[in-house]
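Novice: What shape does this take:
(one chain, ligands or ions: 1)
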Amino acid sequence: MANNYYTGERAEIKIDGKTYELPIVVGSEGEKAIDIRTLRDQTAYLAFDNGYANVGSCVSKITYIDGERGILSYRGYGIADLAENCTFVEVAYLLTHGSLPTREELSEFSGMLNRFAMIHEDMIRFFDGYPPNSPPMAILSSMVNSLCSFYPEMTANPREDIDEMSARLISKVRTIAAFSYKNSIGHPVVYPRHDLSYCANFLNMMFDSPVKPYEINHKVVSALNKLLILHGDHEQNCSTSTVRMVGSARVNLYASVSAGISALWGPLHGGANQAVMNMLEEIHAGGGDFRRYVEKAKDPKDSFRLSGFGHRVYKTHDPRSWIIKQTCDEVLADLKSPDPLLSIAKELEEAVLKDDYFVERNLYPNVDFYSGIIYRAIGIPTSMFTVMFALGRLPGWIAHWKEMWDESDGRISRPRQIYIGPLSRPFVPIDQR
Ligand code: ACO
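Specialist: Model (predicted):
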């Protein structure tokens, strides 16, 4: 294999008195790995790592995270720079195309987002088929999967049509999300407008109404841009790995992203922002006694966890949480809408950061801890929080799907297992069991 991340160095592994050699791989930021792809062939042993915390499933040029130092960059650009200086559309372009767009490229990409913003009118009727209070993530996942029925030409040659397919998806997911909200509250849907930017358009589709036009607030638009940028990608998290894994079976982008949306739904992943708000609301309703929740989270006999704290990769502050916290303060000040949940969140954070249990386990606030408070201030209902996360994460999923598809030595994802079930048993006919 002639890839430049192979250094020629080798690791030695000794099993049953015999030494085997495995090549060492070094990433561009110096991260080292042992390539164990020949391990089973050489030794007949598997590597075992449930949860994959020690396994690199691919090489990637998209996102770099240093969990010890709290660093996150997309395609080499620091997350704080991108959040401060870019729109979400620019960052979506960066993630999916590999470089920041020139003015012409941005204008062409934005034009595509406008062109594809509507969804087929027949799809609008789907919303009526869902029972009231259906989980928005279930609707989003199935609507995205349905896109391959409406745009089958895009799925025949997925790699060739990827640019158009990604723009279509990035644009339509926003429309589907807003329409599902309107439908859930029994209001007429609001169509996308070509004169509005991506985020302003989304807010308008969410909150404009025939009886009360929505007034676009540029601070709110800017906050939404930041939030979506911060969620844009996060290397091999559960939903992104799902997109890559499903896509490795050579299934189309819509189906792969639909699977990613389902993974994101979980409360240990994207569903955490909703869980944070539910927890803060409960604390507020109970008179603000957050200490009881801290104690509950520390109790080894209790499975309760403080939502919004801890991360598989970050063992220090999540670099996104600083930006979100600051944005949260700015939005609440601008909207003049103080939120008692923000004070509870700040007190809770302060208590956790001083508590030995959390300090010893390196548990810090993650991206979800303050995002919900911003969404709430903007008027987005808690049930839609994870959908917002999906809107932001979509360019990352697309970038990974594309990268996975192009891998020259790509294979279908197919982990193995260590079987610990019963040994061979004689079959027992049903009457004798
Ligand atoms: N509250 C209390 N204790 C916690 C928390 C928490 N939020 N998170 C981890 N711990 C404890 C565990 O109980 C464990 O303690 P132990 O060593 O005494 O058994 C230790 O910290 C290590 O936890 P793991 O479960 O091994 O950590 P893992 O990397 O598997 O999980 C996760 C990471 C899922 C994010 C976890 O921290 C968690 O459940 N957090 C709350 C949910 C959340 O906020 N998720 C959003 C993550 S960010 C994202 O997906 C966008």
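Novice: quick one: the helix or strand of the chain with the lowest mean pLDDT to chain centroid distance?
Specialist: For the chain, using mean pLDDT, DSSP states H and E, the weakest element among its helices and strands is helix 153-156, scoring a mean of 73. For helix 153-156, the distance between its averaged C-alpha position and the chain's averaged C-alpha position is 25 Å (CA atoms, centre = their mean, to the nearest Å).
Novice: residues touching the closest residue to V313 other than its chain neighbours, list them.
Specialist: For V313, the nearest residue in space outside its immediate sequence neighbours is G67; the separation is 3.9 Å by CB to CB, 6 or more residues apart in numbering. Every C-beta, even on glycine, is put in place using the N, C-alpha and C of the backbone. Counting by CB atoms under 8 Å, 6 or more residues apart in numbering, G67 makes contact with 311, 313-316.
Novice: What distance do you get for S303 to the ligand?
Specialist: When distances are taken as CB to the nearest ligand atom, to the nearest Å, S303 and the ligand turn out to be 9 Å apart.
Novice: Now do that residue: how many residues are near it, please.
Specialist: Neighbouring residues of S303 were enumerated by other CB atoms under 10 Å; the total is 8.
Novice: Let's verify it: helix, strand, or coil?
Specialist: The three-state label for S303, taken from DSSP: H, G, I helix; E, B strand; the rest coil, comes out as coil.
Novice: domain parsing for the protein?
Specialist: Following automatic domain parsing, one finds the domains of the chain at 6-56, 80-409.
Novice: and V428, which of those is closest to it?
Specialist: domain 6-56 (31.4 Å; CB to CB).
Novice: Share the number of residues neighbouring whichever residue of the stretch 301-433 of the chain sits closest to the ligand, please.
Specialist: Distances from the stretch 301-433 of the chain to the ligand, computed as CB to the nearest ligand atom, single out G310 as the nearest residue at 2.3 Å. With neighbours defined by other CB under 10 Å, the count for G310 comes to 21.
Novice: Hmm, A263 and C238 touching each other?
Specialist: Yes. In terms of CB atoms under 8 Å, C238 counts as a neighbour of A263; the distance is 5.0 Å.
Novice: joint contacts of the two?
Specialist: Common neighbours of C238 and A263 (criterion: CB under 8 Å, 6+ apart): H269.
Novice: okay, the residue of the stretch 301-433 of the chain closest to the ligand: pLDDT?
Specialist: In the predicted model, G310 carries a pLDDT score of 92.
Novice: Tell me which residues touch it, please.
Specialist: G310 makes contact with 361, 363-364, 366 under the criterion CB under 8 Å, 6+ apart.
Novice: Quick check: Y293 vs V221, distance?
Specialist: Y293 is 34 Å from V221, where distance means CB to CB, to the nearest Å.
Novice: before we move on, what about M165?
Specialist: With distances taken as CB to CB, M165 is found 27 Å from V221.
Novice: Pick out whichever of those two has more residues nearby.
Specialist: Just comparing M165 and V221: by other CB under 10 Å the higher neighbour count belongs to M165, 26 against 22.
Novice: Can you tell me the SS state at that one?
Specialist: If you use three-state DSSP, then M165 falls in the helix class.
Novice: Verify the contact between it and A156 for me.
Specialist: No. M165 is not in contact with A156 according to CB under 8 Å; the separation is 11.0 Å.
Novice: Now do stretch 266-281: everything it contacts.
Specialist: Residues outside stretch 266-281 that contact it (CB under 8 Å, 6+ apart): 137, 237-239, 263-265, 293, 306-308, 341, 344-345, 348, 366, 368-369, 371-373, 375-376, 382-383, 385-386, 388-390, 393.
Novice: so N145 is in which element?
Specialist: In this structure, N145 sits in helix 136-150 according to DSSP states H and E.
Novice: and that helix, does that touch the ligand?
Specialist: No. Using CB under 6 Å from any ligand atom, no contact is recorded between helix 136-150 and the ligand, whose separation bottoms out at 13.9 Å.
Novice: Report the rounded mean pLDDT for that helix.
Specialist: The predicted confidence, averaged over helix 136-150, sits at 94.
Novice: What of stretch 55-74?
Specialist: The predicted model gives stretch 55-74 an average pLDDT of 96.
Novice: Now the terminal residues of it, how far apart.
Specialist: Stretch 55-74 stretches 21 Å from its first residue to its last (CA to CA, to the nearest Å).
Novice: In it, which of the residues would be classed as buried?
Specialist: Neighbour counts over stretch 55-74 (16 or more other CB atoms under 10 Å) mark 56, 60, 62-66, 70, 72-74 as buried.
Novice: C-alpha coordinates for the helix or strand containing A263, CSV please?
Specialist: Here A263 is covered by helix 253-264, with elements defined by DSSP H and E. Listed in CSV are the C-alpha atoms of helix 253-264, where the atom choice follows Å, rounded to 0.1, in the frame of the first residue of the first chain:
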residue,chain,number,x,y,z
LEU,A,253,-26.9,9.0,0.0
TYR,A,254,-30.6,9.5,1.1
ALA,A,255,-30.9,6.1,2.6
SER,A,256,-27.5,6.4,4.4
VAL,A,257,-28.4,9.9,5.8
SER,A,258,-31.8,8.6,6.9
ALA,A,259,-30.0,5.9,9.0
GLY,A,260,-27.7,8.6,10.4
ILE,A,261,-30.7,10.6,11.5
SER,A,262,-32.0,7.6,13.4
ALA,A,263,-28.7,7.2,15.2
LEU,A,264,-28.6,10.9,16.1
